[in-house]
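Novice: 3D model of this:
(one chain, ligands or ions: 1)
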Amino acid sequence: MNAIPSIKLIDGKATAKRVLAEVGEQVQALRQAGVQPALAVVLVGCDAASQVYVRNKVLRAEEVGIRSLEHRLPGDTSQAHLLALIERLNRDREINGILVQLPLPGHIDEHRVLQTIDPLKDVDGFHSANVGGLAQGRDVLTPCTPSGCMRLLRDACGELRGKHAVVVGRSNIVGKPMAALLLQADCTVTMVHSRSHDLPALCRQADIVVAAVGKPGLIGADWLKPGAVVIDVGINRIEEAGQSRLVGDVDLAAALTQVAAITPVPGGVGPMTIAYLMKNTLLALDLQQQAAHQERTSCLSPC
Ligand code: NDP
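Specialist: Purely as a prediction, here's the structure:
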């Protein structure tokens, strides 16, 4: 393959490094003030990919000075046991963030588990209170991957106001929160999915395309308006010439003939997800401190 002009590639690794450095500085200041941020990560079962994700999250937390506590539970853990652990972590004032690694084993009700996490400690932003808060444009914990995409877009585009963004995919963890964040940034947002008609024509209208589908190379050059900015969230493993490699939902080489900028896979959105998990842990701590302050002042004020 010909060399890709690097100016068009959005370097997610470098941006994630900058975000982590910012988080590290904030953690240092907090520690100097006697506050130690902490993240609890819960893993049920021994799914290989989940184990890697959890290991990376814990390592990254330690690198930036966030205390991380790993709770590894066997695959046959009962739902009641898992809920009791989450409730204990909710009550623990030294824990600021709780992350339950998904997917959970089939006998556990994922929704019930996510709803049990204290919304102020919900660093994944999956609790209904946070989903609703995001839809209302309130300051809440928002899912890490779309939050990371927003940072990449702000860096690549500058002003987002008035831009037409097309989000391909409508999952609860990427597509829907992504659309809500773009709307909050004053974009005109179109969401498309597997039942949409004429996806290429819809995408060609976009100044910004966010692809979160899970189909290798679905989006070709003919789907993109010249000068568009593309965020490729998809992570797909493909076999080529007897070798396995990761690709996104966008045909990168073809897209480069059209776009102003695009995230590569790997090295684009992926590193931003963990960086925003760390950022969310500090945001969670801040929200908890605000809530505690409000509680104290309401106790002091005369009724
Ligand atoms: P889901 O499978 O939950 O959702 C996929 C979405 O794509 C659905 O809304 C589906 O539509 C839509 N879709 C499927 N086929 C088509 C098609 N042919 N045309 C248009 N839309 C289609 O996936 P996720 O949102 O969880 O993940 C999407 C991708 O992002 C995956 O590759 C995943 O690995 C990756 N990912 C990457 C992360 C990162 O950190 N970089 C984090 C999370 C995910 P419908 O609703 O109609 O079925």
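Novice: Can you show me the helices along this protein?
Specialist: 12-32, 48-64, 79-91, 110-116, 128-135, 144-157, 175-184, 199-204, 252-255, 270-300 (DSSP state H).
Novice: how about stretch 103-123, does it reach the ligand?
Specialist: No: against the ligand, stretch 103-123 shows no contacts by CB under 6 Å from any ligand atom, the least distance being 10.4 Å. C-beta: built from backbone N, CA, C; applies to glycine.
Novice: swap in stretch 257-267?
Specialist: No: Stretch 257-267 lies out of reach of the ligand by CB under 6 Å from any ligand atom, never closer than 7.8 Å.
Novice: how about that stretch: buried residues?
Specialist: 258, 259, 261, 262, 263, 264, 265, 267 (16 or more other CB atoms under 10 Å).
Novice: Let me know the closest of these to the ligand.
Specialist: Of all these, the ligand sits closest to residue 265, with 7.8 Å by CB to the nearest ligand atom.
Novice: related to what we said a few turns ago, could you work out the most separated pair of the buried residues of stretch 257-267?
Specialist: The span of those, defined through CB to CB, is set by 258 and 267 at 20.0 Å.
Novice: returning to that earlier point: format the helices of the chain as JSON lines; extra columns: mean pLDDT, mean neighbour count and distance to residue 217.
Specialist: Listed next are those as JSON lines, based on pLDDT from 0 to 100; neighbours: other CB atoms under 10 Å; distance: least, CB to CB, whole Å:
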{"stretch": "helix 12-32", "mean pLDDT": "98", "mean neighbour count": "16", "distance to residue 217": "19"}
{"stretch": "helix 48-64", "mean pLDDT": "96", "mean neighbour count": "16", "distance to residue 217": "22"}
{"stretch": "helix 79-91", "mean pLDDT": "98", "mean neighbour count": "15", "distance to residue 217": "38"}
{"stretch": "helix 110-116", "mean pLDDT": "98", "mean neighbour count": "16", "distance to residue 217": "30"}
{"stretch": "helix 128-135", "mean pLDDT": "98", "mean neighbour count": "18", "distance to residue 217": "30"}
{"stretch": "helix 144-157", "mean pLDDT": "97", "mean neighbour count": "22", "distance to residue 217": "19"}
{"stretch": "helix 175-184", "mean pLDDT": "98", "mean neighbour count": "22", "distance to residue 217": "19"}
{"stretch": "helix 199-204", "mean pLDDT": "98", "mean neighbour count": "16", "distance to residue 217": "14"}
{"stretch": "helix 252-255", "mean pLDDT": "96", "mean neighbour count": "18", "distance to residue 217": "8"}
{"stretch": "helix 270-300", "mean pLDDT": "94", "mean neighbour count": "18", "distance to residue 217": "17"}
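Novice: Residues of the protein that sit close to the ligand?
Specialist: So the chain meets the ligand at 145, 168-171, 173-175, 193-195, 199, 212-215, 218, 233-236, 269-270, 273 (CB under 6 Å from any ligand atom).
Novice: Rebuild the buried residues of stretch 257-267 as JSON lines, extending it with pLDDT and distance to residue 89.
Specialist: As requested, these are exported to JSON lines (pLDDT from 0 to 100; distance: CB to CB, whole Å):
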{"residue": "258", "pLDDT": "95", "distance to residue 89": "47"}
{"residue": "259", "pLDDT": "97", "distance to residue 89": "43"}
{"residue": "261", "pLDDT": "97", "distance to residue 89": "40"}
{"residue": "262", "pLDDT": "98", "distance to residue 89": "39"}
{"residue": "263", "pLDDT": "98", "distance to residue 89": "33"}
{"residue": "264", "pLDDT": "97", "distance to residue 89": "36"}
{"residue": "265", "pLDDT": "97", "distance to residue 89": "33"}
{"residue": "267", "pLDDT": "96", "distance to residue 89": "33"}
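Novice: re earlier: select only the buried ones of the residues of the chain next to the ligand in ChimeraX?
Specialist: In ChimeraX syntax, the buried subset of the residues of the chain next to the ligand is picked out as below (16+ other CB under 10 Å):
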select :145,168,169,170,171,173,174,175,199,212,213,218,233,234,235,236,269,270,273
